[in-house]
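A.B. asks: I'll drop the sequence and a predicted model, then ask my questions.
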Number of protein chains: 2
Amino acid sequence: MIKVAILGYGTVGSGVFQIIKENKELITNKAGQEIDIKYVLDLREFPGDPCENVLVHDYNIILNDPEVEVIIEVMGGLKPSYDFVKSALEAGKSVCTSNKELVAKYGAELIKIAQQHNRNFLFEAAVGGGIPIIRPLNMHITADKICEITGILNGTTNYILTKMDKEGADFDSTLKQAQDLGYAERNPEADIEGYDAVRKIAILASLAKGKTVNFEEIYTEGISKITAEDFKYAKAMGRSIKLLGKCKNEDNQVVASVAPRLLAPDHPLFNVSGVVNGILVRGNMVGDLVFIGSGAGKLPTASAVVSDVVDSVRHLNVSTTVMWDEEKLELEDFSKSKKKFFVRSSSSKEDIEKVFGNVEYVDANIDGEFGFITEKISEATFAKKADELGTVISRIRIEG
Amino acid sequence: MIKVAILGYGTVGSGVFQIIKENKELITNKAGQEIDIKYVLDLREFPGDPCENVLVHDYNIILNDPEVEVIIEVMGGLKPSYDFVKSALEAGKSVCTSNKELVAKYGAELIKIAQQHNRNFLFEAAVGGGIPIIRPLNMHITADKICEITGILNGTTNYILTKMDKEGADFDSTLKQAQDLGYAERNPEADIEGYDAVRKIAILASLAKGKTVNFEEIYTEGISKITAEDFKYAKAMGRSIKLLGKCKNEDNQVVASVAPRLLAPDHPLFNVSGVVNGILVRGNMVGDLVFIGSGAGKLPTASAVVSDVVDSVRHLNVSTTVMWDEEKLELEDFSKSKKKFFVRSSSSKEDIEKVFGNVEYVDANIDGEFGFITEKISEATFAKKADELGTVISRIRIEG
């Protein structure tokens, strides 16, 4: 029997507790021994809850108990998670976490500390919720040079965009609806401005490249400026608008970004709708692999956390190989990245063509403006031309 | 440096050779040491080919060379693969294979022999080509009770069905075209009659349940009876026809089958087109996970084989846990499985309703017959009623 402790009894933490209890027999089989939750750490009380008997309020009880071999950190945030996790690893305990902020900021350091102690720092649930993506990158796609990772990595924004697409609704009312239904937080900034997605693509890029990609250096644009009119044009193009986290080799450089993009129906992520997440990984040998599933939610996320717990029990004194050095990966300047842009402008066709040259118009029956698609140009060139035209209402990048 | 040998220098074998050479540096990093191909076994000569220097014709040279620690079996078939693989494992070598026939028939036995010798028998490429599905089932979806696996597991048939769907062509001419393009074999029986897919679903079911599912006991129906008219009805229903391998819990029993089925647009596999494979895994905690990618082809399949080689090098003297006992899993009698059926019949509506009761008609503008959807009934009940009506032109199961 192996003793574990859960730090944080929120949505994910209570899900982990539930799964370890409900699927006990099969988890024991898979792990090779029974997993016993010795402690749950939370500042709150939970009278009548099954966690009550093992609830503690002082982390040191857990840290100083040599019986506890695996720590499950599901509190989120950096404080006190970082200190808790670091001290646990240094005390020779393995750690499993769903905390994308922690992993994006301190992943390489924590992996190194784990390896120094022959323990594991696992974080399958930090990206894509229940979708297996961390482990496939580390353990499966090992024969391939990874050329591209493109993902719908945030369920809240995908839910909002899907609703806007289907119902022709505007952003504000859809966000409000999503908040009322619990799909979006009262303070939705982290989701809708892409701050959640950018941490996730930084983690995936770091694992794919083996070096640290600093999420603060990734171009990040959210969905709050997307309008019902944009969707009218998208429909006219037969495309959908998705918030994509991307990391891609372009001219031997790595370009990373989070931004809304227009996807064609043959794109593998075109049909990934609602709160679902989807991730495309392109290898130089295996071609395109696509992983789709619940990107959030209590039980899917907790399922991924428990799979890490099983993995760490299987590899109690063996550090599983993860390539993620602290060395920084220099990203290519995003302004050099080339693509087609869809643009809406109130200028005349003559003026549009004078600035953008050969464009392809899109008719969505909206008065007082023209929608058009540019040729493939760099971000810098686009910015310069948009400035020159002076009448750009909105622009969305075309994917693929 | 670790020495490996490739058995069979056909499509997959030469792909493995190529990937290990071309991606040498990154594979060395991932495996922790360099992988050196000491031998290639094939009865043929390959003058001028890079494999020439390491080509041997006698398996005993490889078997008796203690330097060779990993054997890559990519010959296919049961003879002599089974003897070669078994003797390699007994000699304390790990084996990686893409051979679905071998795994479906002898998987449990070979895993046991490998475990007895602290070695590994890995077969990621045996199902889904380059798609990671075996490793996710063994290593990732470990916190869940797996309720269902449904897959498009054969690229040839999916290519044919996609062409028929898009072009309204009939089966024979589409098969001939697929053969001319190399997507179907001259002797296409194994693909089009479902014999390939049934081995793959048997492997997945065995891994999901931890016991041996005998592929010979799985109901198997191919696509050779699907007609252009069937697709007209499918279109009228807004559905597509896919050959699905299925393994599902129904009333606490496991039901398995391979058969063409009618999928609605919201089914996760609806858009999996052409030679691509897609697999849906439904867990009781994580919900639906979908894996999509190249189900065949030289490099995708070889990529999965090499990922197994990397895995076996990382776990040289550690048997990775795989739950697949020799104990047989008793499948539920397929005749008890319930679903809706789409039926074409030349009887009158009156006669149809007399036998099938409340049905939903589908109008595809085809004279001299009616298409209709039954209520949810068992296979046995359907067979009895179809017999009673006596005029069934074709019937396809409705999925979901």
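C.D. replies: That came through fine. Just so you know, these numbers come straight off a predicted model, no measurement behind them.

A.B. asks: where does the stretch 151-300 of chain A have low pLDDT?
C.D. replies: In the predicted model of the stretch 151-300 of chain A, no residue satisfies pLDDT under 70.

A.B. asks: near chain B, which residues of it?
C.D. replies: A:210, A:268, A:270-271, A:283-294, A:297, A:299-300 (C-beta under 8 Å from any C-beta of the partner chain). No exception for glycine: its C-beta is placed from N, CA and C like everyone else's.

A.B. asks: which ones among those lie within helices?
C.D. replies: Among those, DSSP state H puts A:299-300 in helices.

A.B. asks: restricted to buried residues, select the residues of the stretch 151-300 of chain A next to chain B in PyMOL.
C.D. replies: Here is the PyMOL command that selects the buried residues among those (16 or more other C-beta atoms under 10 Å in any protein chain shown):
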select buried, chain A and resi 210+268+270+271+283+284+285+286+287+288+289+290+291+292+293+294+297+299+300
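
A.B. asks: and the pLDDT at whatever residue of the stretch 51-200 of chain A ends up closest to chain B?
C.D. replies: Closest approach between the stretch 51-200 of chain A and chain B, counting by C-beta to the nearest C-beta: A:Ala143, at 3.5 Å. The confidence metric pLDDT takes the value 97 at A:Ala143.

A.B. asks: what number of residues lie near it?
C.D. replies: Around A:Ala143 there are 29 other residues, counting by other C-beta atoms under 10 Å in any protein chain shown.

A.B. asks: A:Ala178 against A:Met164, yeah?
C.D. replies: No: judged on C-beta atoms under 8 Å, A:Ala178 makes no contact with A:Met164 at a distance of 10.4 Å.

A.B. asks: next, the contact list for the residue lying closest to A:Pro268 once chain neighbours are set aside, please.
C.D. replies: Among residues not flanking A:Pro268 along the chain, A:Val290 sits closest, at 4.5 Å (C-beta to C-beta, 6 or more residues apart in numbering or on different chains). A:Val290 makes contacts with A:268-269, A:278-281, B:290-293, as judged by C-beta atoms under 8 Å, 6 or more residues apart in numbering or on different chains.

A.B. asks: secondary structure element holding A:Val309?
C.D. replies: Counting by DSSP states H and E, the element that carries A:Val309 is helix A:298-314.

A.B. asks: and that helix, what does it pack against?
C.D. replies: Applying 3 or more C-beta pairs under 8 Å, 6 or more residues apart in numbering or on different chains; DSSP states H and E, one finds that helix A:298-314 makes contact with helix A:11-22, helix A:24-31, strand A:35-41, strand A:68-73, strand A:94-97, strand A:121-122, strand A:287-294.

A.B. asks: other SSEs contacting the helix or strand following it?
C.D. replies: Next helix or strand after helix A:298-314 toward the C-terminus (DSSP H and E): strand A:338-339. In this structure, strand A:338-339 makes packing contacts with strand A:377-378, judged by 3+ C-beta pairs under 8 Å, 6+ apart.

A.B. asks: tell me the confidence at the nearest residue to A:Leu122 once chain neighbours are set aside?
C.D. replies: Using C-beta to C-beta, 6+ apart and skipping residues adjacent in sequence, the residue nearest A:Leu122 is A:Asp308, 3.9 Å away. A:Asp308 is assigned 97 on the pLDDT scale.

A.B. asks: for A:Asp308, give me its contacts.
C.D. replies: A:Asp308 makes contact with A:96, A:122-125, according to C-beta under 8 Å, 6+ apart.

A.B. asks: possible to save those as TSV with neighbour count?
C.D. replies: Shown next, in TSV, are the contacts of A:Asp308 (neighbours: other C-beta atoms under 10 Å in any protein chain shown):
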residue	neighbour count
A:Cys96	28
A:Leu122	30
A:Phe123	26
A:Glu124	27
A:Ala125	31
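
A.B. asks: most widely separated two among those?
C.D. replies: Farthest pair in those (C-beta to C-beta) is A:Leu122 and A:Ala125. Separation: 9.0 Å.

A.B. asks: overlap of the contact sets of these two?
C.D. replies: A:97, A:308.

A.B. asks: distance of A:Gly76 from A:Val68?
C.D. replies: 21 Å (C-beta to C-beta, to the nearest Å).

A.B. asks: among these two, which residue is more densely surrounded?
C.D. replies: Legend: neighbour count by other C-beta under 10 Å for A:Gly76 and A:Val68, higher for A:Val68 (20 against 17).

A.B. asks: from memory the more buried one sits against A:Ala5, does it?
C.D. replies: Yes: taking C-beta under 8 Å as the definition, A:Val68 is a contact partner of A:Ala5 at 5.0 Å.

A.B. asks: joint contacts of these two?
C.D. replies: Shared contacts of A:Val68 and A:Ala5, counting by C-beta under 8 Å, 6+ apart, come down to A:38-39, A:62.

A.B. asks: out of those residues, which are buried?
C.D. replies: By neighbour count, with 16+ other C-beta under 10 Å, those hold A:38-39, A:62 as buried.

A.B. asks: between these, which is nearest A:Glu326?
C.D. replies: Distances from A:Glu326 to those, taken by C-beta to C-beta, are shortest for A:Ile62, at 27.3 Å.

A.B. asks: that closest one: what's its closest spatial neighbour, skipping adjacent residues?
C.D. replies: A:Ala5 (4.5 Å).

A.B. asks: likewise for A:Lys248?
C.D. replies: Once flanking residues are discounted, A:Lys248 sits nearest to A:Glu148: 4.4 Å by C-beta to C-beta, 6+ apart.

A.B. asks: buried residues in the helix or strand containing that neighbour?
C.D. replies: Counting by DSSP H and E, the element that carries A:Glu148 is strand A:146-152. By 16+ other C-beta under 10 Å, the buried positions in strand A:146-152 come out as A:146, A:148-152.

A.B. asks: would you mind putting the CA coordinates of the helix or strand A:Tyr159 falls within into CSV?
C.D. replies: Per DSSP H and E, A:Tyr159 falls inside helix A:155-167. Only the C-alpha atoms of helix A:155-167 are listed here, as CSV (Å, rounded to 0.1, in the frame of the first residue of the first chain):
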residue,chain,number,x,y,z
GLY,A,155,-12.7,25.1,-23.1
THR,A,156,-14.3,28.4,-22.0
THR,A,157,-13.3,30.3,-25.2
ASN,A,158,-14.1,27.4,-27.4
TYR,A,159,-17.6,27.2,-25.8
ILE,A,160,-18.1,31.0,-26.4
LEU,A,161,-16.9,30.8,-30.0
THR,A,162,-19.0,27.8,-30.7
LYS,A,163,-22.1,29.5,-29.3
MET,A,164,-21.4,32.7,-31.3
ASP,A,165,-20.9,30.6,-34.4
LYS,A,166,-24.1,28.6,-34.0
GLU,A,167,-26.4,31.3,-32.7
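
A.B. asks: which other residues reach it?
C.D. replies: A:129, A:152, A:169-171, A:174-175, A:177-178, A:183-185, A:188, A:191-192, A:194, A:196-197, A:222-223, A:226, A:228, A:231, A:234-235, A:240-243, A:260, A:272-277, A:294-297.

A.B. asks: next one: the residue lying closest to A:Ile134 once chain neighbours are set aside from B:Lys200, what distance?
C.D. replies: The shortest distance from A:Ile134 to any non-neighbouring residue, by C-beta to C-beta, 6+ apart, is to A:Glu124 (4.6 Å). Distance, A:Glu124 to B:Lys200, using C-beta to C-beta: 26 Å.
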